[in-house]
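Undergrad: Need coordinates for the following:
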Amino acid sequence: MEALPPPPVNPEWRAIVDRVLNVWSSYQIGVEQQSGGDETSEKHVWFGDVLADHIANTRGLNADGLEEWITSILYQDFDLVLDDDSTYPTSHLLLEAHGFWKTGERTRLTQLMGTLPSEERVREARRASRRGADQEEQDGEEGETLEEEEEHNDDSDDGDDKPKRDRAPRTVVDDDGWTTVNKR
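TA: I've put the predicted structure just below:
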């Protein structure tokens, strides 16, 4: 006898999962940068579906197990490694939200979801982060030019050298196409 497919995920629960995914900055950076290739948008929808299903239908699931499962999916299907330690808190939040949703604790669910930033605020933060990264890149190029000029003009040593802040880029794409999102 052929196994029956699992019943479709409740649309209300699926919307909660979408809300969490849409404000998960590190994950959204990977989606924006098409870390999963040309099909990243489709993979994003698929990931929301399987994530909602996995949480709803896996007995005894804890935050550590969900974190491991999510990390594996992001690595295998999105070529994405999140080194910003955001996967565990996201896993914990999703499990807490599911518990409130499943037991009908709407007030607590609303309070929990109310702690999330708005999607617009997250989009603005990503835009600001990109602008900051672009500015840092420009500053780095200007710094290289200034260093070259200083090498030629060693006459003036007024002691006003200020240490430069070296910040690692928010995302790194390696030669194999893997995207890593780092902590800032």
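
Undergrad: Could you use CA atoms for every contact and neighbour count after this?
TA: OK.

Undergrad: Strand partners (parallel or antiparallel) of the strand or helix carrying Val81?
TA: In this structure, Val81 is located in strand 80-83 according to DSSP states H and E. Each strand that strand 80-83 pairs with, and the sense of that pairing, follows from DSSP bridges: strand 179-182 (parallel).

Undergrad: Contacts for stretch 58-76, please.
TA: Leu51, Ile55, Leu80, Val81, Leu82, Thr87, Tyr88, Ser91, His92, Leu95 (Cα atoms under 8 Å, 6 or more residues apart in numbering).

Undergrad: Tell me which entries of these lie within strands.
TA: Of the contacts of stretch 58-76, the ones assigned to strands by DSSP state E are Leu80, Val81, Leu82.

Undergrad: who wins for neighbours among these?
TA: Sorting these by how many neighbours each has (other Cα atoms under 10 Å) puts Leu80 first, at 25 neighbours.

Undergrad: from memory it sits against Val31, does it?
TA: No. With contacts counted by Cα atoms under 8 Å, Leu80 stays clear of Val31, the gap being 9.3 Å.

Undergrad: Need the pLDDT of Arg96.
TA: Not Arg; residue 96 is Glu. Reading off the per-residue confidence, Glu96 sits at a pLDDT of 98.

Undergrad: tell me which residues in the strand or helix carrying Ser72 are buried?
TA: If you go by DSSP H and E, Ser72 is part of helix 63-78. Neighbour-count burial for helix 63-78, counted by 16 or more other Cα atoms under 10 Å, picks out Ala63, Leu66, Glu67, Ile70, Thr71, Ile73, Leu74, Tyr75, Phe78.

Undergrad: Disregarding residues adjacent in the polypeptide, which is nearest to the residue nearest the centre of the chain?
TA: In the chain, the C-alpha nearest the mean C-alpha coordinate belongs to Ser26, at 1.6 Å (Cα atoms, centre = their mean). Take Ser26 and drop its neighbours on the chain: the residue closest to it by Cα to Cα, 6 or more residues apart in numbering is Val181, 6.3 Å away.

Undergrad: which residues touch that neighbour?
TA: Under the criterion of Cα under 8 Å, 6+ apart, the contact partners of Val181 comprise Ser26, Ile29, Gly30, Leu80, Val81, Leu82, Asp83, Asp84, Arg170, Thr171, Val172.

Undergrad: Between the residues you listed, which sits nearest Arg126?
TA: For Arg126, the closest of the contacts of Val181 turns out to be Ile29, at 7.6 Å, with distances computed as Cα to Cα.

Undergrad: mean confidence score for the helix or strand that the closest one is a member of?
TA: Secondary structure assignment for Ile29, by DSSP H and E: helix 25-32. Mean pLDDT, taken over the full extent of helix 25-32, equals 91.
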